Each structure stands twice: as C-alpha cells, then as structure tokens.
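>>> Test case, fold it:
(chains A and B)
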Amino acid sequence: MAEVILKNIKKVYPYVSGEKKKRKKGGEPEKKTNLQITDEGVVAVQKFSLDIADKEFIVLVGPSGCGKSTTLRMVAGLEEISDGELYIDGKLVNDVAPKDRDIAMVFQNYALYPHMTVYDNMAFSLKLKHMPKAEIDRKVREAAEILDITQYLDRKPKALSGGQRQRVAIGRAIVRAPKVMLMDEPLSNLDAKLRNQMRAEIIKLREHINTTFIYVTHDQTEAMTLGDRIVIMRDGYIQQIGTPQEVFNHPANLFVAGFIGMPVMNLFDAKLIREGQHYFVELDGHRVHLSEEKCARLAAKNVESQDVTLGVRPEHIDLAEDGVSARIDVSEMMGSSVHLHLSAGDRDMIVIVPTVDMQGLPHMGDTVCFSFKGNVAHVFSKEDDKNLEF
Amino acid sequence: MHRNPIKTFWKNPTRRWALLFLGPVTAAFFIGFVWPFIQGIWLSLCKFRLISDAQFIGLDNFTKALEDPTFRHAFWYTALFAVVSLVLINILAFAVAYVLTQGIKGSNIYRTVFFMPNLIGGIVLGYIWSMIFDGILSHYGTSILMETKFGFWGLIILMLWQQIGYMMIIYIAGLQAVPEDMLEAARIDGANRWQTLFRVTIPNVMPSITICTFLSLTNGFKLFDQNMALTAGQPFIIQPDGSAVKTTEMLALNIYNTFYGSSNTSPGVAQAKAVLFFILVAGLGLLQLSYTRKREVQQ
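Here you go, the predicted structure:
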C-alpha cells in the first residue's frame, strides 16, 4: 500500500556506438516509430507526471511502442530513469534496486522458474528474505487458496495451462504483500475466453489485496474495465489521464477518441457554428445543437465558428426519418445489435443499431438517414486535433 | 476385407524408396563401425599378429591386461586427469561464457579469440606447449619430462587452453536461451547476483552442462595426441622387476604402446585393454548423462 508519484519522468535509450556513427554519416536514421530521436538517443518516455493514490488501480494503455511498458519497468527498477523523480511511499527511489522497492511484478510471459514447483515459485522471494518456514507455508497456501491453485502446488510450471501459469505468477507476486503491484500485459498470452475470466478475477483480487496497482495493456477493454483511472499514451507522451467514463465521454484529442471505444469513433469534416452562447455543428446541411454542458465548455474557452473534425461514437448515432443520408455497404448481425457500415458521401462510418428497436433487418444497398444528439458530438480542432472543449 | 500386409507396406512410396536412400548410409555404418567393433571384441579374445592368424584364447588377454601395472597406473592417472580437467574446464568455460554474455564491449572478439585454440591439432599443440613449458622450467633447471606433476599440470593447462573456448560456445548458447524476464523476476523477488546465478541461471542451463560435462569427461578419458606429444608418458619409474611404468601415460597411449609392444601377445592384450577402455568410457558417459539429464528443465 503506497502512493506512487512520477515527476517529469524521461527515458532515453542511448545509441550503441555503431548506430551513432551511422547516424552522423548518413544523416537521420531509419525511423520505425514516431518516438523523438535526439543526439542522446531515442526518447521512449518524456514529461511523464502522475500521482497515483494509495490502493488506486492505474492502467497505462496505448499502442505498441508508446512507452507504457518502459514506464512500468522504470517503476520496477528494471530500467534506469534518464531524468525526473520517482517516489514510492514518499521515498525517492530512482537509484534504489528493484528488490528494495517493495514491489511485485507480473510479466506477460509469466516468467516462472521452470525448475521449481508452483509452491517453490511462490515461496522463492520469501525464502530469500529468510522468513520462517511456517510463515512461508501459511502465506503460500493463503495465496494459493485465493487464486484456486492449491491442487497444483506440487506441479512444475510446464504441467500447467497458460491460465494456471498466470495465476501462479500472480500468486508469486501477492505472497509478498507488496506496496505496489505491477502488471505488464498479464493477459495478453491468454485466449479470449480465458482473458475475460482472468479479468474478472483480477477485479475480485483487489478485494483481497489492498495494494496499489499499475497495470499495462494495449487492450482498451481491459483498461476500461479494470482501471480506476486510465493513462493513455502515445509516442512516449501522456495523451490523457482520467476515469474510464471521463476518457470515453470527453476524449482530450482525436487519438484518444479513436483509441478508446470499439468500434472506433466515426469522424466527419463538419462546421462548428457559434451563435452567442449557443453552438451548433453542421454536417451536410444537417444542423445539431450541442448540449448545454458542451456549449458552456466551448464558450468558456471562447471558441469561435470554424471548420472542425466532428466525432460521434457508433452507438450514439440514430437512424432517423430526417438527417444525413447514407448508403448501407455492409450489415453485420451481432445478436443484440446490428453493425451497419455506411458510406455518406466519401466517408465510411459505422452505426450500431440495437435489434430491439428494429423493424426488419436493413439490406445492403438501402439508403438510410442518420442523426445524433448534441450531447454526444465531440468537436476537434483541425489544427492540432485537440478537443475544443478542453 | 483382408489385406495383404506386405502389399500394403510396399504401396507407400516413402517405404518403397526408403531402402535406396537408407542403404548407402547403413552399409557404410556397418562396414565402418559395426563390423570393426565386433571384430575388435572378437580379437580381444584371440592371440594374433595379423587378423588372419587370430587364435581364440578365451579371457587370457583380459587377465594379462588387468595384471599389467602400467595399465592400472594409466587408469588411475587418466581418472584423476579426467576429473580435474572436467571440473576446471567447465567452471572456467562457464565463467568466461557468463562474463561474455553480460553485454561487455568487444565480447565477439573475445569469443573468437577464446575459440581459436580449438582449430589447432592436438599433436601440434602438444609440441608447442612442451616448448613453452620447457622454456619456463629451464629457468629452474628442470623440464616437463623430469617430474610427474609437471606433466600432469602441463597437460591440464594445455587441455584448458584448448577446450575452454569450445565449451564456452555451448555455455553461451545455453545462457542466451535463459529468458530475460525470468532473471528480471528474480531481481524483483529479491535475489542478488549470486543467488540469481546459482538458483535461477544455472538450473536453467542444465542442458548445456550435460553436454559439456559429457564432452569433457569423455575427452579427458580418450586423450591421446596431446599426451603423446607433450610427454609421451615420461618420466619413467623402474619397477623392482625391472619393468618401467610411464608415470604420465594415459589409457589411450598405454593401449597404443601395448599394441606396438615387443611381445607377440601384445596386440591381443592391447585389444582387451581397448574393450575395457570402451566399457569404462561408455559406462561413465551414460552414468553422467543420466545424472545431469534428470536435472534438466523444460521451459
């Protein structure tokens, strides 16, 4: 149980000697990501500041190479911090060895010791602390009970399935009752069904162990369901920090809007029109009045009429008698809803229509009209992709 | 419906062609290995000068071999050499491999340098090192041929120099196969460098340890050319009966010297020694394999 504070954390991977020479000779090196490349090296994480409260569950989410795992590994002490300060429980730990940080970590590939039994895997860290045998036994059995792996304690990891191995890895972490529990994509190696099951178990696990969690994933569903707060990252920078509801309802920029939510948010070229304290968006001649809350936010920022990127989530679009017309390209029956892939002019978009509201299934090639309400329209600047409400 | 199993067997084209492809290798294996091996065992039970004049004499050759003090001395000397070289080669090769997998600068160059002695033949190596040792020992008014311990440690140093690089390559492959996140997990679990090495890394390189200990044990027992070139078994100890025991003579060299000895029973006795030698090396090798294999783990 502890507060974790990251202050302006930066991570630079320096060039290996040959790479630097190559760069000097041939100018810019081949760019594989959008990470910033400086004379010092590749900047994997920068300006990362975050206060994590005691017992909070924080999820770092973002696409591959965004710096989320690097950040977690810096908290773990497995990567050196190039700049900035890291505090765990009020203590500056930049130069403290991983074993002295009182943290535990669950790895994507389980990282179990294959030559030890499940029991020994879980007891390893306690044995290194020279804890009395009886206490080790009690702690291991207690953790095994919570994770329902008591019957596997005498087995070696190779005799376990992926899900069972991951439970052992979690067990190995919780026996230590760490101040901070770090999880690096722990469910990525599991199949979809097992992943859902384990996700639910991690939620339950929080009831049993009162500790601070930092969880890394690239899966936005995991982020939304597990996190008290989500940190969305891209190219080494934080894009937005907020509760799942906040980032879903008020995405800070186009990247967050596109990353959170499935299917992804529909984006249109539209016009934002200001009339006094009232704001409208106009799409293909169809005008929608924004909600009072949104108008107030835009007015507070003194946003003027301009061309914008309009974002509306597929589940927030309604088929209507009157509105913007579009043609149905593909209709996907999902059971409780139908996903309609529409083309409106030169734009492709998706609409989710609950089947309970439908009278007969729509056909491919049909023309429909759609509309949306003012409280679900997001307006993003054309210049910097930022949400104009912020 | 009843099917003729022979006809069914030949219907499969892989089986039909198998004989053609397997035939040459099988024939070569029988001619080059199985037949000489059987003949060797047969000859160990015979008195012979030429293979064509072999006369069966039962276990006489084995009795003579076991009564031969030079053979008994060579056996214990070889056993001591094999154990010492096994331990030293493996500890040093593992240590070098461990250091060279820690990401130090120039490790590729070091790997090449350490491996290079392997490319030199045993006889050449033996003569070069005998000159080096004699060059050093001459300052103290002695020579490698003057004392048994010089010959023993000289041969150990020579073998370390030659074998460490080879074993190092196998250990490097093993160390590189240990998953990085497992070592990181150990660091987080609170293990220091030594605890990680002994409790996580070494148990996970057991397959390499199996191969390297097997190779160094059998190499130690079978050593011949380096032994012959470095000391040729010298110095001698004269026995009360007037016979000489070569104090640095190993088993393989002893068998060789016996085979080309003056007595007309020598080839048969040498053959019997060779069979005993085979049983010893194969037995020890298998014993060691089964011991270390049990400790191997699967990821």
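
>>> who in chain A is up against chain B?
Residues of chain A lying near chain B by CB under 8 Å from any CB of the partner chain: A:76-78, A:97-99, A:103-105, A:107-109, A:111-115, A:124-125, A:128-129, A:156, A:158, A:172, A:176. Every C-beta, even on glycine, is put in place using the N, C-alpha and C of the backbone.

>>> one more time with 6 Å, if that's ok
By CB under 6 Å from any CB of the partner chain, the part of chain A that sits against chain B consists of A:78, A:98-99, A:105, A:107, A:109, A:111, A:114-115, A:124-125, A:128, A:158.

>>> B:Val178 in helix, strand or coil?
Taking DSSP: H, G, I helix; E, B strand; the rest coil as the rule, one finds B:Val178 in the coil state.

>>> List the residues that contact the most centrally placed residue in chain A.
Nearest residue to the geometric centre of chain A (CA atoms, centre = their mean): A:Val61, 2.4 Å. A:Val61 makes contact with A:217, A:223, A:230, A:232, according to CB atoms under 6 Å, 6 or more residues apart in numbering or on different chains.

>>> For those residues, give me CSV that also has neighbour count, secondary structure and pLDDT.
What follows is the contacts of A:Val61, written out as CSV (neighbours: other CB atoms under 10 Å in any protein chain shown; DSSP: H, G, I helix; E, B strand; the rest coil; pLDDT from 0 to 100):
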residue, neighbour count, secondary structure, pLDDT
A:Thr217, 25, strand, 93
A:Ala223, 25, helix, 91
A:Ile230, 29, strand, 94
A:Ile232, 27, strand, 94
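
>>> Tell me the one among the residues you listed nearest to A:Cys66.
Ranked by distance to A:Cys66 (CB to CB), the contacts of A:Val61 are led by A:Ile232 at 8.6 Å.

>>> bridging residues for the closest one?
Judged by DSSP bridges, the bridge partners of A:Ile232 are A:Val61, A:Gln240.

>>> Might you report the residue contacts of it?
Here A:Ile232 is in contact with A:61-62, A:239-240, A:256 (CB under 6 Å, 6+ apart).

>>> Repeat the analysis, applying 8 Å as the threshold.
By CB atoms under 8 Å, 6 or more residues apart in numbering or on different chains, the contact set of A:Ile232 is A:61-62, A:238-241, A:247, A:255-256, A:259-260.

>>> gap between it and chain B?
Going from A:Ile232 to chain B by CB to the nearest CB, to the nearest Å gives 25 Å.

>>> and after the strand or helix carrying B:Ile188, which helix or strand comes next?
Assigned by DSSP states H and E, B:Ile188 belongs to helix B:180-189. Beyond helix B:180-189 on the C-terminal side, the first helix or strand identified by DSSP H and E is helix B:193-196.

>>> Report the closest residue of the stretch 151-300 of chain A relative to chain B.
Nearest residue of the stretch 151-300 of chain A to chain B (CB to the nearest CB) works out as A:Lys158 at 4.9 Å.

>>> sec struct for that residue, please.
What three-state DSSP gives for A:Lys158 is helix.

>>> What are the buried residues along the helix or strand encompassing A:Phe255?
Secondary structure from DSSP H and E places A:Phe255 in helix A:254-259. Within helix A:254-259, the residues scored as buried using 16 or more other CB atoms under 10 Å in any protein chain shown are A:254-257, A:259.

>>> Adding pLDDT, write those out as CSV.
Output for those, formatted as CSV (pLDDT from 0 to 100):
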residue, pLDDT
A:Leu254, 92
A:Phe255, 92
A:Val256, 92
A:Ala257, 92
A:Phe259, 90
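
>>> ok, for A:Pro63, nearest residue in space, not its chain neighbours?
In this structure, A:Pro63 finds its nearest non-sequential neighbour in A:His218, 6.3 Å apart by CB to CB, 6 or more residues apart in numbering or on different chains.

>>> what's around the one you found, how many residues?
Using other CB atoms under 10 Å in any protein chain shown, A:His218 has 17 neighbouring residues.

>>> Local confidence estimate at it?
Looking at A:His218, its pLDDT is 90.

>>> Contact partners for it?
A:61-64, A:68, A:185, A:188.

>>> Please report the distance of it from A:Lys68.
A:His218 sits 8 Å away from A:Lys68, taking CB to CB, to the nearest Å as the criterion.

>>> shared neighbours of those two, anything?
By the contact definition CB under 8 Å, 6+ apart, A:His218 and A:Lys68 are jointly contacted by A:61-62.

>>> Find the nearest non-adjacent residue to B:Thr196, please.
Nearest residue to B:Thr196 in three dimensions, chain neighbours excluded: B:Ala186, at 4.6 Å (CB to CB, 6+ apart).

>>> residue boundaries of the strands in chain B?
Applying DSSP state E to chain B gives strands spanning B:46-47, B:55-56, B:236-238, B:244-246.

>>> nearest to chain A, of these?
Smallest distance to chain A across the strands of chain B (CB to the nearest CB): 45.3 Å, for strand B:244-246.

>>> Could you list the paired strands of the closest one along with their orientation?
Here strand B:244-246 is paired, per DSSP bridges, with strand B:236-238 (antiparallel).

>>> Give me the contacts around the partner strand.
B:244-247.

>>> I'd like those residues as JSON lines, with distance to B:Lys7 and pLDDT appended.
Output for the contacts of strand B:236-238, formatted as JSON lines (distance: CB to CB, whole Å; pLDDT from 0 to 100):
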{"residue": "B:Ala244", "distance to B:Lys7": "69", "pLDDT": "78"}
{"residue": "B:Val245", "distance to B:Lys7": "67", "pLDDT": "81"}
{"residue": "B:Lys246", "distance to B:Lys7": "65", "pLDDT": "85"}
{"residue": "B:Thr247", "distance to B:Lys7": "68", "pLDDT": "86"}
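
>>> just the buried members of those residues?
Buried members of the contacts of strand B:236-238, scored by 16+ other CB under 10 Å, are B:245-247.

>>> My read is that the residue of the stretch 151-300 of chain A closest to chain B contacts A:Pro114, right?
Yes. Using CB atoms under 8 Å, A:Lys158 makes contact with A:Pro114 at a distance of 6.2 Å.
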